[in-house]
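# pasting the structure only:
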């Protein structure tokens, strides 16, 4: 299985879009579960890491502070 490199603050695109019409998410929390926030409507979703890796399409960018 491919090991994806992502970290807090990264913008990611998932395979399936959110019902609000956007498919870009921001990673808010990392752990066994990953919490992502919709960049359009602000909805926060928590999903298991295995499911996140399966549904991840592309890592867009990271916020470098």
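Arrived safely, thanks for sending. Keep in mind the model is a prediction, meaning the values are calculated, not measured.

# and the end-to-end length of stretch 32-45?
14 Å (CA to CA, to the nearest Å).

# contacts for stretch 44-51?
Stretch 44-51 is contacted from outside by 25, 28, 29, 31, 32, 33, 34, 35, 36, 37, 38, 55, using CB atoms under 8 Å, 6 or more residues apart in numbering. Where you see a C-beta, it was placed from the backbone N, CA and C, and this is true even at glycine.

# These in helices, which ones?
Among the contacts of stretch 44-51, the ones falling in helices (DSSP state H) are residue 55.

# quick one: which of the contacts of stretch 44-51 is most hemmed in?
Compared across the contacts of stretch 44-51, residue 25 has the highest neighbour count, 26 neighbours, by other CB atoms under 10 Å.

# so what's it up against?
11, 12, 13, 14, 18, 36, 37, 38, 39, 45.

# Low-confidence ranges, this protein, go.
Applying pLDDT under 70 to the chain picks out residues 1-3, 62-65.

# Tell me the buried residues within the contacts of residue 25.
Among those, those buried by neighbour count (16 or more other CB atoms under 10 Å) are 11, 12, 14, 18, 36, 38, 39.

# is it possible to export the contacts of residue 25 to TSV including distance to residue 5?
What follows is those, written out as TSV (distance: CB to CB, whole Å):
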residue	distance to residue 5
11	14
12	11
13	15
14	17
18	23
36	16
37	20
38	22
39	20
45	21
